[in-house]
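Undergrad: Build me a model from this:
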Amino acid sequence: MNIIPKPKHLTYTKEILKINGSFQFVVNGSQLLTTRSVKKLVTDFPSYIFGAHGTPIVFSQDNELAEEQYKILIDHRSINLFYQNETGCYYAICTLKQILKQNSGGVLNGIIIDDSPDFKHRGLMLDISRNRVYKVDTFYKIIDLMSDLKMNQLQFNVEGNSYYYPSKDSYYDDPSDMLTKEDVIKIDFYAKERYIKLIPNQNSFGHMSFWLNQKEFNHLAECPEGFTYKWMVNSPSSTLNPKLDDSFLFVQSLFDEYLQGFSEKIVNIGADEPFELGFGASKHEVEKDGRAIVYARFIKKLYDSMNDKNYKVMMWGDVIKNHSEILELLPKDIIALEWGYDENDFKEEDLQKYVDKGFEYYVCPGTSMWNSIVGIHDNMLKNIKRAARVGKKYMATGLLNTDWGDGGSWQQLSLSYFPYAIGAAYAWNADTEQDEMVLDYLDREIYMDASKQMSRMMLRLGNSYQIETEKAANATQLFKLLYIQQTDHINFGTNLSDPMFIIKDRRLLSLEEYKNYEIFFTSMLADYRKIDYKMADRQIVDHEILFSLKILLVASKLGIALVDLYSHKIDEFKAMLSLFNEAMNHYQIAWNERNKESDYKLSTMRMIDLRNKLEGIVKIH
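TA: Just a heads-up that it's a prediction; the model follows:
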């Protein structure tokens with residue numbers, strides 16, 4: 001029996017229950033506790049008959065159980081579900097759904113399950129501010145997956161104009177291209193019906209590039225003329241000047257509009273990566289009082305504003321990690337979000353600080369899908385598992401799996417299901433290995449692939465980065481070739497929403513590495529075409545996967561050409577251009593199906609630049 005997340009305690013008995021597709025509901029306790037759960041069961045099994053006759057499904061409230069705990073007992077007479085509240089009942093149904101789908105010949109084995117989560121908060125954060133805003137129906141699809149996997153929190157990363165603020169109407173071509181209040185209300189309701197909280201998430205200190213580089217708001221910047229820091233060369237302004245009351249009032253005005261559609265009274269104020277803090281307007285204050293104090297003052301103003309409106313505040317923890325003295329300056333009821341995306345992140349001494357100072361905190365690993373297209377899966381697996389296991393050890397209350405969009409959000413939804421499911425599995429059951437079970441779950445429940453090839457293909461794609469002998473941080477070098485290296489000498493505009501735009505990286509892979517990539521993606525393209533999977537939205541998924549394979553095959557060929565420039569004939573560049581145009585066509589079709597128009601032009605800016613270069617080479621010859 002394959003159940004994801006894997007239950008904590010599962011025992012098989014010698015009893016057998018015969019079922020014939022007809023079920024009756026028997027309720028011991030409050031009928032109200034079962035309503036949404038019964039609706040889910042009936043909806044997910046339209047071929048079953050639910051009425052006055054058939055195999056009994058017995059619902060029993062047990063106040064001795066914990067809030068999200070549930071038990072299932074299947075004996076020779078009936079299916080018995082035990083729970084303390086609505087949520088526990090719903091999770092019992094989620095598990096029962098997977099059991100029923102795996103029944104063999106109308107027979108269920110006797111089973112005893114006692115299950116509860118390791119983390120109270122099990123979330124997913126979607127980045128909608130790197131050019132791509134999903135359609136409402138796409139959010140629904142993601143929420144359905146989260147619900148089946150017993151996740152209970154969803155956040156959207158909002159910065160810039162990815163949300164429509166009516167008072168900033170002049171900064172939108174078409175407000176409906178971005179997330180709107182009406183969208184939020186619909187998504188909030190849909191999520192709540194599935195026991196998922198939609199938490200507002202908006203940056204409020206750093207990552208303010210879009211606004212600060214508009215003439216109207218540039219005076220609010222710490223460094224109005226831009227800055228250079230570490231790998232950020234000639235970077236556009238991104239951090240507010242904390243000295244100005246107008247900076248605070250500006251952020252407050254954004255929150256006043258943004259929060260209107262959300263029903264939850266929790267808010268993520270972001271506040272991560274204020275890179276240039278102390279380099280410009282606040283330099284004197286930072287030199288006098290210290291960066292931590294200047295940062296904490298501004299955070300306290302934001303906190304007080306939210307507290308006055310009865311919101312509980314959460315914020316990213318990178319500045320806290322680098323300046324642990326901030327914990328002495330912040331209100332104790334702030335939830336810290338400790339993030340890290342490498343397999344070696346989440347060091348025990350960093351988490352111990354939160355415990356010692358009495359702060360609630362989440363661990364926030366990542367999908368490693370950004371800046372790669374197909375993932376960096378071995379790193380992702382180690383990163384999420386470490387976050388879960390060390391977080392559990394040091395009493396983190398939540399695990400928030402983050403899916404960033406750096407690099408134009410080129411990663412596709414159908415390739416992201418694996419890291420989403422991995423995050424859910426280990427947030428529920430941190431200590432049990434579940435990788436293979438997650439792959440089986442995806443083939444059975446998502447890809448509808450009886451041959452079990454699709455999920456394994458996704459795993460192989462996500463580990464293709466291992467062809468590279470030198471690891472890149474939060475990216476693959478092959479992706480950088482497409483997104484950075486081929487355009488870093490041309491000034492064709494700035495994508496203010498994407499920090500990848502300011503990276504300069506001239507390191508190429510070896511000829512052997514590019515050739516190995518070419519062999520790999522050529523083989524994967526052939527293998528994919530042989531898989532007969534039955535997804536309801538296969539037509540869209542087909543475009544997503546073909547884009548991913550073809551664009552990385554183009555990157556492989558481009559790398560070979562750059563390293564071994566004089567060994568190529570014009571026909572090879574013509575073939576590369578043809579393959580590239582096919583990839584772009586797949587991308588546009590998939591985009592139109594999944595996403596709002598949002599910032600499609602910004603997302604494809606680098607693609608179009610490369611296409612223009614290839615067309616130029618072909619025309620010259």
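Undergrad: only C-alpha atoms for contact and neighbour calcs from this point on.
TA: OK.
Undergrad: wait, what's in contact with Ala561?
TA: Residues in contact with Ala561 (Cα atoms under 8 Å, 6 or more residues apart in numbering) are 567-568.
Undergrad: separation between it and Glu468?
TA: Plainly put, Ala561 is 17 Å away from Glu468 if you go by Cα to Cα, to the nearest Å.
Undergrad: try Lys613
TA: Look at Lys613 and Glu468: by Cα to Cα, they are 26 Å apart.
Undergrad: Mind checking which of those two has more residues around it?
TA: Glu468 (18 against 15; other Cα atoms under 10 Å).
Undergrad: who touches the more buried one in this structure?
TA: Applying Cα under 8 Å, 6+ apart to Glu468 gives the contacts 477, 509, 513.
Undergrad: swap in Lys265?
TA: Neighbour list for Lys265: 310-312 [criterion: Cα under 8 Å, 6+ apart].
Undergrad: Could you tell me which of those count as buried?
TA: Taking 16 or more other Cα atoms under 10 Å as the criterion, what is buried in the contacts of Lys265 is 311-312.
Undergrad: need the contacts of Lys265 in a markdown table with pLDDT, can you?
TA: Listed next are those as a markdown table, based on pLDDT from 0 to 100:
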| residue | pLDDT |
| --- | --- |
| Asn310 | 98 |
| Tyr311 | 98 |
| Lys312 | 98 |
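Undergrad: if we take the contacts of Lys265, which one ends up nearest to Lys321?
TA: Ranked by distance to Lys321 (Cα to Cα), those are led by Lys312 at 21.0 Å.
Undergrad: Enumerate every residue touching that closest one.
TA: Counting by Cα under 8 Å, 6+ apart, Lys312 makes contact with 265-267, 306, 333-334.
Undergrad: PyMOL command for the buried members of the residues you listed?
TA: Buried subset of the contacts of Lys312, written as a PyMOL selection, criterion 16+ other Cα under 10 Å:
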select buried, resi 265+266+267+306+334
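Undergrad: Among the contacts of Lys265, name the ones in strands.
TA: By the criterion of DSSP state E, membership of those in strands covers Lys312.
Undergrad: Grab the nearest non-local neighbour of Asn401.
TA: Distance criterion Cα to Cα, 6 or more residues apart in numbering; nearest residue to Asn401, sequence neighbours excluded, is Leu124 at 4.8 Å.
Undergrad: do you know how far that neighbour is from Gly616?
TA: For Leu124, the distance to Gly616 equals 43 Å [Cα to Cα].
Undergrad: Comparing the two, which residue is more hemmed in?
TA: Neighbours were counted for Leu124 and for Gly616 using other Cα under 10 Å; Leu124 has more, 25 against 11.
Undergrad: need the helices for the stretch 151-300 of the chain, in chain order.
TA: With helices called from DSSP state H, counting those that start in this stretch, the stretch 151-300 of the chain shows them at 181-192, 209-212, 245-258, 283-289, 291-308.
Undergrad: thinking again about what came up before, got the contact list for the residue nearest to Asn401?
TA: By Cα under 8 Å, 6+ apart, the contact set of Leu124 is 151, 153-155, 400-403, 420.
Undergrad: Among these, which one is most surrounded by other residues?
TA: Tallying neighbours with other Cα under 10 Å puts Met151 at the head of these, with 31 neighbours.
Undergrad: Contacts only, for that residue.
TA: Listed by Cα under 8 Å, 6+ apart, the contact partners of Met151 are 121-124, 196, 424.
Undergrad: now do 7 Å
TA: Contacts here follow Cα atoms under 7 Å, 6 or more residues apart in numbering; on that basis Met151 touches 122-123, 196, 424.
Undergrad: From Gly123, how far out is it?
TA: Taking Cα to Cα as the measure, Met151 falls 6 Å from Gly123.
Undergrad: returning to that earlier point: and the helices of the stretch 151-300 of the chain as a markdown table, adding distance to Gln352?
TA: What follows is the helices of the stretch 151-300 of the chain, written out as a markdown table (distance: least, Cα to Cα, whole Å):
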| stretch | distance to Gln352 |
| --- | --- |
| helix 181-192 | 33 |
| helix 209-212 | 33 |
| helix 245-258 | 32 |
| helix 283-289 | 26 |
| helix 291-308 | 19 |
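Undergrad: for the contacts of Lys265, which one is nearest Phe248?
TA: Nearest to Phe248 among the contacts of Lys265, with distances taken as Cα to Cα, is Tyr311, at 17.0 Å.
Undergrad: Touching, that closest one and Glu264? I think so.
TA: No. Between Tyr311 and Glu264 there is no contact under Cα atoms under 7 Å: 8.4 Å.
Undergrad: about what we covered before: closest to Leu329 among the contacts of Glu468?
TA: Set against Leu329, the nearest of these by Cα to Cα is Gln477 (40.6 Å).
Undergrad: On the pLDDT front, check the closest one for me.
TA: Here, the pLDDT recorded for Gln477 equals 95.
Undergrad: Likewise for Thr35?
TA: Value for Thr35, per-residue pLDDT: 80.
Undergrad: Could you report the neighbour count for it?
TA: Neighbours of Thr35 under the rule other Cα under 10 Å: 13.
Undergrad: quick revisit: could the helices of the stretch 151-300 of the chain go into a markdown table alongside distance to Leu351 and mean pLDDT?
TA: Formatted as a markdown table, the helices of the stretch 151-300 of the chain follow (distance: least, Cα to Cα, whole Å; pLDDT from 0 to 100):
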| stretch | distance to Leu351 | mean pLDDT |
| --- | --- | --- |
| helix 181-192 | 30 | 98 |
| helix 209-212 | 30 | 96 |
| helix 245-258 | 29 | 98 |
| helix 283-289 | 26 | 97 |
| helix 291-308 | 19 | 97 |
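Undergrad: Just name the most buried of the ones you listed.
TA: Across the helices of the stretch 151-300 of the chain, averaging neighbours per residue (mean count of other Cα atoms under 10 Å) puts helix 209-212 on top, at a mean of 23.
Undergrad: contacts for that one?
TA: Against helix 209-212 from outside (Cα under 7 Å, 6+ apart): 160, 217-218, 220-221, 236-238, 496-497.
Undergrad: same deal with stretch 409-423?
TA: Contact with stretch 409-423 is made by 130-132, 367, 369-370, 373-374, 384, 401, 438, 458, 541, 544, 603, as judged by Cα under 7 Å, 6+ apart.
Undergrad: Among these, name the ones in helices.
TA: If you go by DSSP state H, the contacts of stretch 409-423 have 384, 438, 458, 541, 544, 603 in helices.
Undergrad: ok, now how distant is the first one from Thr402?
TA: Spelled out, that is Ile384. Here the criterion is Cα to Cα. By it, Ile384 lies 10 Å from Thr402.
Undergrad: check which helix or strand covers the closest residue in space to Tyr90 that isn't next to it in sequence.
TA: Closest residue to Tyr90 apart from its sequence neighbours, by Cα to Cα, 6+ apart: Ser37 at 4.8 Å. Taking DSSP states H and E as the criterion, Ser37 maps to helix 35-44.
Undergrad: which other helices and strands contact whatever helix or strand comes next after that helix?
TA: From helix 35-44 onward toward the C-terminus, using DSSP H and E, the following helix or strand is strand 49-51. The contact analysis (3 or more Cα pairs under 7 Å, 6 or more residues apart in numbering; DSSP states H and E) places strand 49-51 against strand 22-28.
Undergrad: Pull out the buried positions in the strand it packs on.
TA: Across strand 22-28, burial judged by 16+ other Cα under 10 Å covers 23-25, 27.
Undergrad: mind giving me TSV with those and columns for pLDDT?
TA: Below are the buried residues of strand 22-28 laid out as TSV (pLDDT from 0 to 100):
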residue	pLDDT
Phe23	93
Gln24	93
Phe25	92
Val27	91
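Undergrad: So which of those residues is the closest to Gly110?
TA: Minimum distance to Gly110 across these is 17.1 Å, recorded for Phe23 (Cα to Cα).
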